[in-house]
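Student: Quick one, what's the 3D model for this:
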Amino acid sequence: MIDLKGLHYCPKTGIWSRWMKFHGSHKLGQVGSRNGDGYLYINLSQKMYRLHRLSFVYMGIDPTGFQVDHKDGVRNNNKWGNLRLATKLENCLNKECHRNGKEPYIEYRKRVGHDRWEILRKKGIPDGRQITTYYGSFDSLEKAIKRRDELIENGWKDEE
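Tutor: You can find the predicted model right below:
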């Protein structure tokens, strides 16, 4: 079994954290780094783990034999309500839904060399191209998620 001692997962935000020493005091710090494939990872005991899989372990569910599907297609959105155990076929069907124009998907990305998070909304169109809309830059992932939630409530109409 994977030892998650010292780690905390917030199901509401999908953010993983742990207590870290910072200038002589301790503070709760966000953990996980994004790899080239868009998923968030953490190194535990010299082994890399995807945080979306660890979310199930943290919640007391063994994901062995299943893939973890991000319902909205955003690989770094690890909110509990966005994750589900799925067969390979179910996961592939959901990917197609996001890529073939049926539904847009949201991407959060941290710009290289910057301490800012961006929100991008991507939608495939029938000819295979993709339309990307930029919705701003934020100094934390929490603020980006909050802004995304506001945009969803407004039907993705940006306030003028």
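
Student: Tell me the spacing between Asp37 and Lys47.
Tutor: Separation of Asp37 from Lys47 (CB to CB, to the nearest Å): 17 Å. In this view, the C-beta of every residue, glycine as well, is placed from N, C-alpha and C.

Student: Cys92 too?
Tutor: From Cys92 to Lys47 the distance is 26 Å (CB to CB).

Student: If you count surrounding residues, which of these two has more?
Tutor: More crowded of Cys92 and Lys47, by other CB atoms under 10 Å: Cys92, with 13 against 8.

Student: And what about that one, helix, strand or coil?
Tutor: Secondary structure, DSSP: H, G, I helix; E, B strand; the rest coil: Cys92 is helix.

Student: could you pull out the strands for this protein?
Tutor: For the chain, applying DSSP state E gives strands covering 7-10, 15-22, 25-30, 33-34, 40-44, 47-50, 67-70, 83-86, 105-110, 117-124, 130-138.

Student: Among those strands, which comes closest to Gly155?
Tutor: Taking CB to CB, strand 117-124 is the member of the strands of the chain nearest to Gly155, at 12.0 Å.

Student: Parallel or antiparallel, which strands does that closest one pair with?
Tutor: strand 105-110 (antiparallel), strand 130-138 (antiparallel) (DSSP bridges).

Student: Next, the buried residues of the last one.
Tutor: Which is strand 130-138. Buried residues in strand 130-138, counting neighbours by 16 or more other CB atoms under 10 Å, are found at Tyr135, Phe138.

Student: Convert it to PDB, retaining C-alpha atoms only.
Tutor: Taking C-alpha atoms only, strand 130-138 is exported to PDB below (Å, rounded to 0.1, in the frame of the first residue of the first chain):
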ATOM      1  CA  GLN A 130      -9.200  23.300 -32.300                       C
ATOM      2  CA  ILE A 131     -10.300  26.700 -31.100                       C
ATOM      3  CA  THR A 132      -8.600  28.000 -28.000                       C
ATOM      4  CA  THR A 133     -10.000  30.900 -25.900                       C
ATOM      5  CA  TYR A 134      -7.900  32.500 -23.300                       C
ATOM      6  CA  TYR A 135      -9.700  33.600 -20.100                       C
ATOM      7  CA  GLY A 136      -6.900  35.200 -18.000                       C
ATOM      8  CA  SER A 137      -3.900  34.800 -15.800                       C
ATOM      9  CA  PHE A 138      -4.000  34.200 -12.000                       C
END
